[in-house]
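*Asks:* no letters, just coordinates:
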Ligand code: FE
């Protein structure tokens, strides 16, 4: 299997390129527009045919490369059905299968960071978007975020996956690349709560700055173009 985890320095975003092997179909999760040439190079080097691109949610901190990749390769653009993006070809619901050659992902609706946040399970690993981060969780104070929804996405869905499941988030700000569900259950400070109320209390008192890109990135990601 080809599995590449690429990092965008500016927004600390992880992008994933997945394929069952050289010369076969490929899928990209959470691309960043500025890195489109890099993704195209990887595809070319490995003779991959990009057929699907997924955004886990509408990003507020960078402009998605989804539309640009689709223009260049004609791949299908996928997001959850709750997404406000106007350029999506395939809207998935909870518990749907997304297939490319020899690879299957299962969508898991995990609202909370935004109301359109999805995670994607692929055999031994899960792409958690900004729902579950390594030793953190995505903020819930904008884009219809909701800490109670996030509590349920985490505790009723993601943390119910087998403990050895690998966790691949959409961001990391400290150089972590991968964790497991078991490790996050034990060590993630946000998950050491005994009730939904306690989780909401933590999330409502983070006092975070507004992301610098939000006023540009959100409309651009909804309209699928840079200037809106
Ligand atoms: Fe996000």
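*Replies:* Yes, it's here. Bear in mind that the values here come from a model prediction, so they are computed numbers and not experimental data.

*Asks:* contacts and neighbour counts: CA atoms only from here.
*Replies:* Will do.

*Asks:* report the contact partners of residue 107.
*Replies:* 92-98, 118-121 (Cα atoms under 8 Å, 6 or more residues apart in numbering).

*Asks:* that one bridge partners, please.
*Replies:* residue 120 (DSSP bridges).

*Asks:* how near is it to residue 119?
*Replies:* Residue 107 sits 6 Å away from residue 119, going by Cα to Cα, to the nearest Å.

*Asks:* most neighbours, which of the contacts of residue 107?
*Replies:* Highest neighbour count within these: residue 118, with 31 neighbours (other Cα atoms under 10 Å).

*Asks:* do I have it right that that residue meets residue 112?
*Replies:* No - the pair residue 118 and residue 112 fails to qualify as a contact (Cα atoms under 8 Å) at a distance of 9.7 Å.

*Asks:* what about the strands in this structure?
*Replies:* Assignment of strands within the chain using DSSP state E yields the ranges 2-8, 13-19, 25-29, 49-54, 76-80, 90-92, 97-100, 103-109, 118-122, 125-129, 132-133, 136-137, 166-169, 179-180.

*Asks:* out of those strands, which is closest to residue 193?
*Replies:* Taking Cα to Cα, strand 136-137 is the member of the strands of the chain nearest to residue 193, at 12.8 Å.

*Asks:* strands paired with that closest one, and their directions?
*Replies:* Strand 136-137 is paired, per DSSP bridges, with strand 132-133 (antiparallel).

*Asks:* residues in contact with the partner strand?
*Replies:* Residues contacting strand 132-133 (Cα under 8 Å, 6+ apart): 138, 154, 169-172.

*Asks:* please repeat the previous calculation with a cut-off of 10 Å.
*Replies:* Strand 132-133 has contacts (Cα atoms under 10 Å, 6 or more residues apart in numbering) with 110, 113, 119, 126-127, 138, 150, 153-154, 158-159, 167-173, 176, 178-179, 181, 184, 188, 190-191.

*Asks:* now do the contacts for the residue nearest the centre of the chain.
*Replies:* The centre of the chain sits closest to residue 129, judged by Cα atoms, centre = their mean, with a distance of 2.8 Å. Going by Cα under 10 Å, 6+ apart, residue 129 touches 13-14, 29-30, 55-57, 59, 110, 113, 117-120, 137-138, 167-171.
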